[in-house]
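**Q** I need the structure of the sequence given here:
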Amino acid sequence: MTGSDGRNWSVTRRTFNSGVAAIGMAAATGGMIAGDPSPALAQAAPKKGGKIKAAMDSTSAKDTLDPSKSVSILELCRATLTYNRLIDMTPDGKLSPGLVESWESNKAADDWVLKLRKGVTFHNGKSFGAADVIYTLRRVMDPKTASPSRVLLTDIDPDGLKAEDEQTVRIKLASPNANLAEALTVYHLHVVPDGFTDFLKPIGTGPFVCKSFEPGVNHVGVRYPNYWRGDGKPYLDEVETIGIPDPTSRFNALLAGDIHAMNKLDTSLIARAKGIPDVDLLSVPGPAHATFPMRCDTPPFDKLEVRQALKYAVDRAKLLELAYANQGVVANDQPVPPFDPFYNPEVKPTPYDPDRVKSLLKSAGHENTVFELYTSTAVAGGMDAANVYAEMANKAGAKVKVIQAPADGYWSATWMKKPWAMSFWWGRPAAGTALELVYTSDAKWNEGAWKNPKFDQILKEARSITDFDRRKPLYWEAQQLLSDDGPSLIPVFSNWVDAKSAKLKGIVNHPYGPLGWFLWDGAWLDT
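**A** Residues are numbered from 1 along each chain as shown. Predicted coordinates:
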């Protein structure tokens, strides 16, 4: 299916919140490798000047600098260099002021007030203010824009979005949403000037001014001297970004010194990268996860015993080792990662239990059924994970046959169409959002066609509660329900695995995304 901008909608579905991950990352830093783990551990004073070149894993003639429509990692990188978010997230998972300096809601969580930062100017010299925030929000909310993050803003009452003064925006919601602040961290809400539409020559408030942009070729940003963060930032004079889709070519370009940073280091290259002194490997725990959703409206997956049997048919730790080179953590069939403050640690991973598999399938009358598992190279890590899973399942007594579907059109022709088809999610901005967008009965992306009224009611109640301690038991109960009765096998959370030159400093590991989530205003070259 193709969107109004001529793109394949599946990419939007797959990457709509690659910059939208779970909150509460404090525990994540324990698994980080290389890079600069935290600002406090920086080893030397930053040096000003220098140019860097970075390569991402994809590029297209349809690349855009319109942040509301960004879908690829490359576009996210460029948007983060050019613009600023309303609210930021720190590497330890705390909400942090961006262009919005402070925010608060009423007790019912249906009326929010944003106080904007003063003294910020766009690259064209225009002052930043309330009209720019309202314009940015309305663009993403407008169906004609076809922004992937429109689904996160459906609670906003269009008539209740008002500027109380130049530095204050009030947002009234049609229904309570205690997760609104987290939603405002999404990269589709990078702020653009009021009325702005010329995204071949973008204007932002970010650390780098667009010098040149040729879709499918490259983008060059140069230092913005009036950047509002101060302290001499940004340190680099120039950043060029390109796409190199082939993982080996991308890594060889890094080794040759043609680029300074790259995302998505192939697992087959990890051991090699570890042995090269001039290369830093960055492996950062994140909320990304593959799912094996079984459609509950289609036999045989309408039977709970079948779904449970297929969850007992995998050794999760072994799958993490074989399919992901141990770059991640074991998951428990819940989309809320262990470092989220609302994560329920009492939901234990279903163990590998062949006897239980056989017993459950016999009870359901499906001991001789061949379960067809669809996957594709369009699913990040999907082929390896599916093949490893199938081998384990077959040994456990569940007959699983992997069917590789074409990457082109997978998300429109196979995902949510076949009874059992793999999926992948980069993560969402909060536990409630992670649970609502995929697992509630009326969710747009209810890939398992699972309907549990009790689950729906729990999440509805949690949305209207701003007190953390009162919301926590509700999210815990929802996760337990999903694990016990839900449609999806979620075996692991996978790491961001990237690489950079050892000379490139100031890249602070971030659970939200690759290469420090592209927050490069503090990056510098040690030449």
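**Q** pull out the buried residues from stretch 357-371.
**A** Buried residues in stretch 357-371, counted by 16 or more other CB atoms under 10 Å: 357, 358, 359, 360, 361, 364, 366, 367, 371. Placement of C-beta: from N, CA and C, glycine included.
**Q** gap between the two ends of it?
**A** End-to-end distance for stretch 357-371: 13 Å, by CA to CA, to the nearest Å.
**Q** check stretch 305-316 too.
**A** For stretch 305-316, by CA to CA, the gap between its terminal residues amounts to 19 Å.
**Q** how distant is that stretch from the center of its chain?
**A** Averaging C-alpha positions (CA atoms, centre = their mean, to the nearest Å) puts stretch 305-316 27 Å from its chain's average.
**Q** keep only those of the buried residues of stretch 357-371 that are in strands.
**A** When DSSP state E defines the strands, the subset of the buried residues of stretch 357-371 inside them is residue 371.
**Q** how about the buried residues of stretch 357-371 in CSV, adding pLDDT?
**A** Output for the buried residues of stretch 357-371, formatted as CSV (pLDDT from 0 to 100):
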residue, pLDDT
357, 98
358, 98
359, 98
360, 98
361, 98
364, 98
366, 98
367, 96
371, 98
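**Q** restricted to helices, list the buried residues of stretch 357-371.
**A** Mapping those onto helices (DSSP state H) picks out 357, 358, 359, 360, 361, 364.
**Q** SS state for residue 521?
**A** Secondary structure, DSSP: H, G, I helix; E, B strand; the rest coil: residue 521 is helix.
**Q** who are the contact partners of it?
**A** Applying CB atoms under 8 Å, 6 or more residues apart in numbering to residue 521 gives the contacts 206, 207, 227, 229, 233, 234, 235.
**Q** dump those into JSON lines; add distance to residue 172 and neighbour count as well.
**A** Listed next are the contacts of residue 521 as JSON lines, based on distance: CB to CB, whole Å; neighbours: other CB atoms under 10 Å:
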{"residue": "206", "distance to residue 172": "29", "neighbour count": "28"}
{"residue": "207", "distance to residue 172": "33", "neighbour count": "26"}
{"residue": "227", "distance to residue 172": "33", "neighbour count": "21"}
{"residue": "229", "distance to residue 172": "31", "neighbour count": "14"}
{"residue": "233", "distance to residue 172": "35", "neighbour count": "20"}
{"residue": "234", "distance to residue 172": "37", "neighbour count": "26"}
{"residue": "235", "distance to residue 172": "41", "neighbour count": "21"}
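**Q** on that earlier part again, and of the buried residues of stretch 357-371, the nearest to residue 67?
**A** The closest of the buried residues of stretch 357-371 to residue 67 turns out to be residue 371 (CB to CB; 41.3 Å).
**Q** show the contacting residues for the closest residue to the closest one other than its chain neighbours.
**A** Nearest non-adjacent residue to residue 371, counting by CB to CB, 6 or more residues apart in numbering: residue 400, 5.0 Å away. Residue 400 sits next to 310, 313, 370, 371, 373, 389, 390, 393, 394 when contact means CB under 8 Å, 6+ apart.
**Q** make it 10 Å
**A** 292, 310, 313-314, 369-373, 386-387, 389-394, 420 (CB atoms under 10 Å, 6 or more residues apart in numbering).
**Q** ditto for residue 227
**A** Residue 227 neighbours (CB under 10 Å, 6+ apart): 84, 120, 121, 123, 205, 206, 207, 208, 209, 233, 234, 521.
**Q** make a markdown table from those residues and add secondary structure to it.
**A** Formatted as a markdown table, these follow (three-state DSSP):
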| residue | secondary structure |
| --- | --- |
| 84 | coil |
| 120 | coil |
| 121 | strand |
| 123 | coil |
| 205 | coil |
| 206 | coil |
| 207 | coil |
| 208 | strand |
| 209 | strand |
| 233 | coil |
| 234 | coil |
| 521 | helix |
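**Q** could I get those as TSV with distance to residue 218 and pLDDT?
**A** Listed next are the contacts of residue 227 as TSV, based on distance: CB to CB, whole Å; pLDDT from 0 to 100:
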residue	distance to residue 218	pLDDT
84	22	98
120	28	98
121	26	98
123	19	98
205	23	98
206	18	98
207	18	98
208	14	98
209	15	98
233	23	96
234	19	98
521	20	97
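**Q** and those residues, which is closest to residue 251?
**A** residue 208 (25.3 Å).
**Q** report the separation between residue 194 and residue 123.
**A** With the distance defined as CB to CB, to the nearest Å, residue 194 ends up 15 Å from residue 123.
**Q** of these two, which one has the most company?
**A** When neighbours are counted by other CB atoms under 10 Å, residue 123 comes out ahead of the other of residue 194 and residue 123, with 20 against 16.
**Q** I'd guessed the more buried one sits against residue 223; true?
**A** No: contact criterion CB atoms under 10 Å: residue 123 and residue 223 do not qualify, at 11.1 Å.
**Q** can you check which residues contact both of the two?
**A** Common neighbours of residue 123 and residue 223 (CB under 10 Å, 6+ apart) are 208, 209.
**Q** ok, residue 297 touching residue 451?
**A** Yes: counting by CB under 10 Å, residue 451 is a contact partner of residue 297 at 8.3 Å.
**Q** neighbour count: the two, which is higher?
**A** Neighbours per residue, other CB under 10 Å: of residue 297 and residue 451, the larger number sits with residue 451, 16 against 13.
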